[in-house]
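Student: structure for this input, please:
(3 chains)
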Amino acid sequence: MKTLKTIMASAVAMSLALGGSAMAEGAKIGMITTLSGGGAGLGVDVRDGFMLAIEQAGRDDVEVVIEDDAQKPELAVQIADKMIQSEKVDILTGIIWSNLAMAVVPSAVAQGKIYVSPNAGPSALAGKGCNANYFNVAWQNDNLHEAMGAYANVAEYTNTFILAPNYPAGQDALNGFKREYRGQLAGEVFTKLGATDYAAEIAQIRDSGADSVFFFLPGGMGIAFMKQYAASGVDLPVMGPAFSFDQGILGAVGDAALGVRNSSQWSKDIDNETNNAFVASFQEKYDRLPSLYASQGFDAANLILSALDKADVKDTEAFSAALKEADFKSTRGDFKFGNNNHPIQDIYVREVVKEGDVLTNKILGLALTDHQDAYAVDCPLQ
Amino acid sequence: MPNLSRETFLNIIISLGLLVFPFIATAMDEPFYITLATRVAILSLAAVGLNLALGTGGLVSFGHAAFFGIGGYAMGILASHAQTYTPIFTWPFVIEGTNQMLIIWLVAIVMSGIAALFIGLLSLRTSGVYFIMITLAFAQMIYYFMISWPTYGGEDGLSIYVRNQFPGVNTLDPSSFFYICLALMFAGLGLSAMIKNSRFGAALQAARQNEERLAATGIRPFNIKLTAFVISGMITGLAGALMADLNRFVSPTMLSWHMSGEIMVLVILGGVGRLYGPVVGALIFIIFEFIFGGMTEFWQFYLGLVLLGVVLFARGGAIGLLAGKARHD
Amino acid sequence: MSTTLLFEQLLNGLQYGVTLFLMAAGLTLVFGVMGLINLAHGSLYMIGAFACAAVAAATGSFWLGLVASIVAAGFAGVLIEMFVIRRLYDRDHLDQVLATFALILILSEGCRMVFGSFPLYLDAPGFLAGPVTLFGGFQYSAYRLAIILVGGLVALGLYLLITKTRLGIRIRAGEADREMIAALGVNIATLYTIVFAIGAALAGFAGAMMGAIQSVQVGMGEPVLILAFVVIVIGGIGSIKGALIGSILVGVVDTLGRVTLPGFFNLFMDTAAANSVGAALSSMSIYVLMAVILIFKPEGLVSNNA
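Tutor: This is a model prediction of the structure:
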């Protein structure tokens, strides 16, 4: 059985050959992520992307401790306590879900730890609740939905039917879409969280006279919806954020996803040196295509490594200042932080296509340029 | 009688061990172990509550997460209002939030008691599997309600930044908070021992074993069971408030059916109807989670194997193994 | 709401109910004959879906996958019965709940060890993949119509099995009086294994059928397990007829609740609030239904003793 507890990064010889910066003091990073249960695919991708970057850096003074939160907030809190009190980590990262992030992040940063989020970006941590020690490398939760709203305008949809599960991230998703979208709504429906049957909602879509559909249904919900939608004979164009069309899930949706437009801050065909190298090395090491979660894990690790070159991790203030410079080569190309330590970045519209037998995404164009989230204005940080 | 004394001996060892534990953890420079021990104490208390209904009264409730979660939300709602200095409601009279543990505990106990009264009134009309399932249904109702009610965070739950206060104690110190939880756990154990040995406890056990005979003595079994169910819910609710305070966080997962299952697992792991069964169950569960959770991502697989082993081969739970068969009283 | 839409939604409710019935039938059969609460029934559903997806991916045939799902779940059922369940018949419900709860953990994580953490692909066979046009000119998913049909056949098959076959007579005798049929020379251990395997195969079959229109992933059986319990409790535990009535009732109430409640609240609330309140209440609707029914009929709609 593989031991998760301690993974020392790379060999000593490597780092001696490359030589470290004078500032490098090393660091202990605690990763809390979802590695069991139905949502494990996301955590596995973040972990693999993150560890790939650590390995490529070839530093023997960076130690990563990984533990599974089983997607339970109580367990995540317990692991965070353990990592802070017992393992004495300097930096925490890894959480996938907003509700787990809300359980862990506020108290971790209150204890003076640095938290770098590779995924969840709840609005509560982006506005008034922002913190100098909390960084999000992925996105604020609303971003991808806003991008889809902007795209709906460009595509000249005027009567969109929107649906999402009835929980905070779902409500944020629909609000994010409406923030940019200027047409009318043919209908707005909240479904039960975890629902697997969407026949009733699809019937409503058919009856509503809509010209397009926007949905946010993460995980298995999106797979179920797309399959059932394809079988229903309703052929309105479908839009959604990348979560339902990322590389880990596309295989399970199958051809039902072909042609769907989705928004993402990353895609494997963004053409820059870092990204090309990332896609190739990820594929070589893990024998599958990377997803956006993997790219986020990879970027999170590189961000941390870049700051380690500039400041001592024990000096929290200097270290968070170094993080904020975001002086690393992102797979997304340009990357910078806004005042609230959330990204200001381009968001793309992609289309699901088939390359040989493999379903994947192709960039169609930019939906939003240098986009910053709507909550940054409420954040007192500079 | 030798079995009884062996069990008592075991109970005393465990109690003493828990009492001196913070000193050991501090000596080892492992403050996190105190947090773990606090979880043991709190989960024990939750399971003590369930054990009263389940072990003594034979009421197999598959919905105790409802009370655990209500207790948690009592803490979350009161403390979040205190945190933002906004009243909970202003009509017909003003109610402010609070960060005083004593008040929070009282509210948690009262609210989960009311919920248990309501659920018990309806559920106790049924028995056997129907009772298991209807308690589950009520817990699911509250679970879905809290997920979709946006005021208190829905699925995201509520974060409280600072632990609540207890007069004269620095609750931010892990040891102090541990002793608070431990004291309440002992109080819970004391209460359940008292109930078991009282006239009421005798009536409750009679209600489990033979309702008709009890009814013939002029006592209504329904009232006895309802009272036990309400007390049981109150104890679990108090544990919920403590758990929320330990995590500084409350969310609907505290209300999920997995949580009901987990509380039940604690009781059975330790030994149903044994006074210290819940404590032993919680100890085993937390130690297992701590050791195997860090070793393999498939730790729940092994947890399943252990549970199965206990049910199939160690009837009477861990205490049954260590201290022999229960005395039938 | 137009009449066509209402009709379509009723059809949706019926179809949802029928899929629940496939799950609930096995659950209630096992309870009726052996008095066993099996929480791991949802895991058998998952095993069926994974077996179907794996075989369909390897051979390219959904139908072979469907056969594999029945075989795999049935076989898993036999193993589980012989090694675990058999020891639980004379225990109380508490032990049964815990042991089968442990089985959920083992089977879910075991499945993840074998198949990994990502959802699998499974799709309906070509000729059922699209919509068909029904009278009144509206389109409906062919696969969903097939599910209704198959569910109906399963119900009929179970009815015939129980009323007309020798096995059925033994099953009914086993429900009524265990000692008696043992005394008559029926091997009760074998009978129980067979009944449990039938229930498991039904669950696996349901998993494969539903896997084609939802996500084949670890833990997929748990939401439907809870719903199946609601169904059999409403219907009266142990009664196949009750399970059929219960599942259609739950399917229709849930579907109509989802589509009508937001509109109803919109009559006196603004749209956003009405959507949110409506969705919240509709997700609670079947549990409310169950509580109300149990309050008036504590043994479910179709009492097993009748």
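Student: could you find the closest non-adjacent residue to whichever residue of the stretch 201-350 of chain A sits closest to chain B?
Tutor: Nearest to chain B in the stretch 201-350 of chain A, going by CB to the nearest CB, is A:Pro218, at a distance of 11.7 Å. Yep, even glycine has a C-beta here, placed from its N, CA and C like the rest. Nearest residue to A:Pro218 in three dimensions, chain neighbours excluded: A:Phe243, at 4.8 Å (CB to CB, 6 or more residues apart in numbering or on different chains).
Student: all strands of the stretch 101-250 of chain C, in order?
Tutor: Secondary structure of the stretch 101-250 of chain C (DSSP state E, counting those that start in this stretch): strands at C:131-133, C:139-141.
Student: dump these to CSV, plus distance to chain B.
Tutor: Formatted as CSV, the strands of the stretch 101-250 of chain C follow (distance: least, CB to the nearest CB, whole Å):
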stretch, distance to chain B
strand C:131-133, 32
strand C:139-141, 27
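Student: give the contact list for the nearest residue to C:Val224 once chain neighbours are set aside.
Tutor: Counting by CB to CB, 6+ apart, C:Met23 is the residue found nearest to C:Val224 once chain neighbours are left out, at 5.7 Å. When contacts are counted by CB atoms under 8 Å, 6 or more residues apart in numbering or on different chains, C:Met23 is found next to C:41-42, C:45, C:202-203, C:206, C:224-225, C:227-228, C:231.
Student: compare those residues and tell me which has the most neighbours.
Tutor: Highest neighbour count within the contacts of C:Met23: C:Ala203, with 38 neighbours (other CB atoms under 10 Å in any protein chain shown).
Student: count the neighbours of residue 251 for me.
Tutor: Picking chain A for this. Look at A:Gly251: counted by other CB under 10 Å, it has 19 neighbours.
Student: wait, I meant chain C there
Tutor: 25.
Student: thinking again about what came up before, quick check: phi and psi on the residue of the stretch 201-350 of chain A closest to chain B?
Tutor: Main-chain torsions, A:Pro218, degrees, to the nearest 10: phi -70, psi 160.
Student: ok, now which ones touch it?
Tutor: Taking CB under 8 Å, 6+ apart as the test, what A:Pro218 contacts is A:165, A:169, A:243-244.
Student: mind redoing it with 10 Å?
Tutor: Listed by CB atoms under 10 Å, 6 or more residues apart in numbering or on different chains, the contact partners of A:Pro218 are A:39, A:42, A:97, A:164-165, A:169-170, A:173, A:193, A:240-241, A:243-244, A:246, A:249.
Student: what's the farthest-apart pair in those?
Tutor: Spanning the widest gap among the contacts of A:Pro218 are A:Leu193 and A:Asp246, at 19.8 Å by CB to CB.
Student: which of the two has more neighbours?
Tutor: A:Asp246 (26 against 23).
Student: what score does that one have for pLDDT?
Tutor: The model reports A:Asp246 with a pLDDT of 87.
Student: quick check: it vs B:Ser256, distance?
Tutor: For A:Asp246, the distance to B:Ser256 equals 26 Å [CB to CB, to the nearest Å].
Student: pull out the buried positions in stretch B:6-19.
Tutor: The neighbour-count check on stretch B:6-19 (16 or more other CB atoms under 10 Å in any protein chain shown) flags B:7, B:10-11, B:14-15, B:18 as buried.
Student: an error on my part: the question was meant for stretch B:291-311.
Tutor: Using 16+ other CB under 10 Å as the test for burial, stretch B:291-311 gives B:292-304, B:306-308, B:310-311.
Student: which helix or strand lies directly C-terminal to the worst-scoring helix or strand of chain A on mean pLDDT?
Tutor: Within chain A, judged by mean pLDDT, DSSP states H and E, the helix or strand with the poorest mean is helix A:12-18; its value is a mean of 37. Remark: after helix A:12-18, the chain's next helix or strand is strand A:27-33, criterion DSSP states H and E.
Student: so which elements touch that following strand?
Tutor: Under the contact definition 3 or more CB pairs under 10 Å, 6 or more residues apart in numbering or on different chains; DSSP states H and E, strand A:27-33 sits against helix A:40-57, strand A:62-68, helix A:73-85, strand A:91-93, helix A:98-110, strand A:114-117, helix A:292-308.
Student: so which of these comes closest to B:Leu45?
Tutor: Proximity to B:Leu45 (CB to CB) singles out helix A:73-85 among the helices and strands packed on strand A:27-33, at 15.3 Å.
Student: what does the stretch 101-250 of chain B put close to chain C?
Tutor: With CB under 10 Å from any CB of the partner chain as the criterion, the stretch 101-250 of chain B comes near chain C at residues B:119, B:121-134, B:136-150, B:154.
Student: pull out the buried residues from those.
Tutor: B:119, B:122-124, B:126-127, B:129-134, B:136-148, B:150, B:154.
Student: show me where chain B has its helices.
Tutor: With DSSP state H applied, chain B shows helices at B:2-27, B:31-51, B:65-84, B:101-123, B:128-148, B:174-197, B:199-209, B:211-216, B:221-247, B:257-270, B:277-293, B:299-313, B:317-323, listed in chain order.
Student: got a markdown table for these, with mean pLDDT and distance to chain A too?
Tutor: Below are the helices of chain B laid out as a markdown table (pLDDT from 0 to 100; distance: least, CB to the nearest CB, whole Å):
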| stretch | mean pLDDT | distance to chain A |
| --- | --- | --- |
| helix B:2-27 | 84 | 10 |
| helix B:31-51 | 93 | 4 |
| helix B:65-84 | 92 | 10 |
| helix B:101-123 | 94 | 17 |
| helix B:128-148 | 87 | 4 |
| helix B:174-197 | 93 | 8 |
| helix B:199-209 | 86 | 31 |
| helix B:211-216 | 80 | 38 |
| helix B:221-247 | 94 | 4 |
| helix B:257-270 | 89 | 8 |
| helix B:277-293 | 89 | 6 |
| helix B:299-313 | 87 | 6 |
| helix B:317-323 | 77 | 22 |
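Student: can I get those helices in a markdown table with distance to C:Ile194?
Tutor: Shown next, in a markdown table, are the helices of chain B (distance: least, CB to CB, whole Å):
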| stretch | distance to C:Ile194 |
| --- | --- |
| helix B:2-27 | 42 |
| helix B:31-51 | 36 |
| helix B:65-84 | 36 |
| helix B:101-123 | 35 |
| helix B:128-148 | 22 |
| helix B:174-197 | 44 |
| helix B:199-209 | 34 |
| helix B:211-216 | 36 |
| helix B:221-247 | 38 |
| helix B:257-270 | 29 |
| helix B:277-293 | 36 |
| helix B:299-313 | 22 |
| helix B:317-323 | 33 |
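Student: now tabulate the contacts of C:Met23 in CSV and tack on pLDDT.
Tutor: As requested, the contacts of C:Met23 are exported to CSV (pLDDT from 0 to 100):
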residue, pLDDT
C:His41, 93
C:Gly42, 93
C:Tyr45, 95
C:Leu202, 93
C:Ala203, 94
C:Ala206, 92
C:Val224, 87
C:Leu225, 88
C:Leu227, 88
C:Ala228, 90
C:Val231, 92
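Student: grab the two from those that are most spread out in space.
Tutor: Spatial extent of the contacts of C:Met23 (CB to CB) is set by the pair C:Leu202 and C:Leu227 at 15.2 Å.
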